[in-house]
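Visitor: sequence plus the predicted model coming up.
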Amino acid sequence: MLVCVFACSGTGTACKGELSAPAVSLAQAEGRIALGAAGFFASACCALLDIHDLQLYRQAGHASFAVYIRATTHLGFELRQARNWVAAARFLRGLPANVPLPTCERQVRPLAGLDRDAAVRSWLRALQRASTSGSGRVSARIVAECVRETVGQPERALSGSTGCAVQEAVGVVGGRGADARGRADVFVQSSSDEWYTPLHILNKVRELFAPGCIDLDPCSSEAANAQVGASAFFRSVDDGLSPGLEWRGNVFVNPPFGVRNGKSVQGLFFERCVTEYEQGHVAQAVILLKAGVGYKWFKPVMAWPVCFLWERLSFTRPCGDEGALEEGPQNPHGSVVVYLGPRVRDQGTVLCGTLLHFSGV
């Protein structure tokens with residue numbers, strides 16, 4: 001049995017650009033996972049992600065990723081650890097080019113649950129700190145400290161210098177040229193990992209879905225769902241965009257900001273929701289998005305019934321250990337509510353208190 005535990009050896013010599021191309025077969029992916037024991041943590045993580053996203057587990061006759069992990073004992077994974085590795089691989093593949101990669105799970109673990117932008121900024125900060133520590137080693141403690149500092153700072157405190165941070169991390173820690181695509185700014189669109197939908201918006205969603213309920217929230221967490229109250233939800237580690245996850249019933253979606261493979265994450269969740277609705281899997285859906293007028297991903301949104309909100313929303317986040325919530329600053333972007341379903345007229349009535357424009361009817 002392969003025991004999937006790796007020793008941290010500081011930062012890796014590999015960078016994102018040196019990761020292997022996606023695996024084309026289950027055997028190839030499992031071979032790369034086996035190499036993880038020899039120190040190829042990043043390659044092993046990405047191979048597991050390929051098995052998950054490309055559904056390579058079907059080549060062995062398994063119906064789902066979870067069934068495959070439970071049945072494949074020679075890999076030595078528990079399901080929870082496998083999902084953690086999948087989440088780690090998404091982070092690795094989202095790093096700017098030529099940034100040194102983590103070399104073990106402990107370095108990535110403090111980044112779990114962060115949105116992609118905050119995770120990247122935290123890792124860059126950790127690389128810089130390690131370069132001045134003497135040993136050059138990125139410990140889990142350093143990463144955790146950098147996560148706390150990054151999430152605690154407003155976006156404007158970092159956005160002006162992130163491009164330099166990428167180049168410094170590459171040049172000092174990675175020992176490589178400082179050409180990190182020059183576009184690291186696309187990874188700094190959002191600075192928080194836990195921002196929840198305002199309660200008055202959720203109340204209107206429930207009113208619209210009545211007498212039914214919110215059956216699914218594909219962009220959530222245990223803490224967030226305590227307020228949303230969806231019958232089912234997907235966490236960031238599950239990845240609500242994964243083709244292996246089933247969308248059903250009445251769906252509420254408040255996707256995070258950020259970019260994945262050059263595409264807006266909000267746009268990707270909108271596209272997935274429309275596909276599921278048109279295929280008859282989703283009965284109706286409410287999607288809360290940034291009012292991205294002028295962005296390419298936003299143009300298809302206007303083909304559906306939309307409500308532009310008068311207010312700039314203030315999202316909430318956890319405060320303390322008692323489950324209390326605090327209201328954050330106003331979102332600098334306007335917001336739009338998109339409706340997919342048969343009750344278009346009801347949508348206009350339910351949201352009339354905050355309605356600016358009702359389009360797509």
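Guide: Perfect, I can see it now. Residues are numbered from 1 along each chain as shown.

Visitor: flag the shaky bits of the stretch 251-361 of the chain, pLDDT-wise.
Guide: Applying pLDDT under 70 to the stretch 251-361 of the chain picks out residues 314-332, 345-361.

Visitor: what's the next secondary structure element after the strand ranked longest in the chain?
Guide: With secondary structure taken from DSSP state E, the chain has its longest strand at strand 282-290. Counting by DSSP states H and E, the element after strand 282-290 in chain order, helix or strand, is strand 306-309.

Visitor: which strands and helices sit next to that next one?
Guide: In terms of contact count using 3 or more CB pairs under 8 Å, 6 or more residues apart in numbering; DSSP states H and E, strand 306-309 is assigned the packing partners strand 335-340, strand 355-359. Just so you know, the C-beta spots here come from the backbone N, C-alpha and C atoms, and that holds for glycine as well.

Visitor: before we move on, the earlier item: ok now the longest strand of the chain, how far from the chain's centre?
Guide: Relative to its chain's centre, strand 282-290 lies at 18 Å (CA atoms, centre = their mean, to the nearest Å).

Visitor: which other helices and strands contact it?
Guide: With contacts taken as 3+ CB pairs under 8 Å, 6+ apart, strand 282-290 sits against helix 199-209, strand 249-253, helix 265-278, strand 335-340.

Visitor: most tightly surrounded among these?
Guide: The densest packing among the helices and strands packed on strand 282-290, expressed as mean neighbour count by mean count of other CB atoms under 10 Å, is seen in strand 249-253 with a mean of 24.

Visitor: just the C-alpha atoms of that strand, please, in CSV.
Guide: The C-alpha trace of strand 249-253 is given here as CSV (Å, rounded to 0.1, in the frame of the first residue of the first chain):
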residue,chain,number,x,y,z
GLY,A,249,-34.4,20.9,-7.9
ASN,A,250,-34.5,24.6,-6.8
VAL,A,251,-30.9,25.9,-6.9
PHE,A,252,-29.5,29.1,-5.3
VAL,A,253,-26.0,30.2,-6.6
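
Visitor: next SSE after that strand?
Guide: Taking DSSP H and E as the definition, the helix or strand that follows strand 249-253 towards the C-terminus is strand 259-260.

Visitor: can you give me the buried ones in whatever helix or strand Ala223 lives in?
Guide: Ala223 belongs to helix 222-228 when assigned by DSSP H and E. Burial within helix 222-228, assessed by neighbour count using 16 or more other CB atoms under 10 Å, is assigned to Ala224, Asn225, Gln227, Val228.

Visitor: other SSEs contacting the following helix or strand past it?
Guide: Elements were assigned by DSSP H and E; along the chain past helix 222-228, the next helix or strand is strand 232-233. Contact analysis of strand 232-233 by 3+ CB pairs under 8 Å, 6+ apart lists strand 216-217 as its packing neighbours.

Visitor: tell me what the strand it packs on is packed against?
Guide: Packing contacts for strand 216-217, counted by 3+ CB pairs under 8 Å, 6+ apart, involve helix 222-228, strand 232-233, strand 249-253.

Visitor: what does that strand rub up against?
Guide: With CB atoms under 8 Å, 6 or more residues apart in numbering as the test, strand 216-217 has contacts from 224-225, 228, 230-234, 247-254.

Visitor: again, only using 6 Å
Guide: Contacts with strand 216-217, where a contact means CB atoms under 6 Å, 6 or more residues apart in numbering, come from Val228, Ala230, Ala232, Phe233, Val251, Phe252.

Visitor: before we move on, what about stretch 22-29?
Guide: The set of residues external to stretch 22-29 that reach it, using CB under 6 Å, 6+ apart, is Ala47, Asp50, Ile51, Leu56, Gln59, Ala60.

Visitor: run the last query once more with 8 Å
Guide: Under the contact criterion CB under 8 Å, 6+ apart, stretch 22-29 has outside partners Arg32, Cys46, Ala47, Leu48, Asp50, Ile51, Leu54, Leu56, Tyr57, Gln59, Ala60.

Visitor: and those residues, which are buried?
Guide: Applying 16+ other CB under 10 Å to the contacts of stretch 22-29, the neighbour count classes Arg32, Cys46, Ala47, Leu48, Asp50, Ile51, Leu54, Leu56, Tyr57 as buried.

Visitor: tell me the one of the residues you listed nearest Ser242?
Guide: Checking the buried ones among the contacts of stretch 22-29 against Ser242 with CB to CB, the nearest one is Leu54 at 10.6 Å.

Visitor: wait, what's in contact with that closest one?
Guide: For Leu54, the set of contacting residues under the criterion of CB under 8 Å, 6+ apart consists of Pro22, Ala23.

Visitor: next, it: phi, psi?
Guide: phi -90, psi 0 (degrees, to the nearest 10).

Visitor: pLDDT wise, what is it at?
Guide: We have a pLDDT of 91 for Leu54.

Visitor: and what of Leu208?
Guide: Per-residue confidence at Leu208 stands at 88 (pLDDT).

Visitor: since that was my last question, I'll sign off now.
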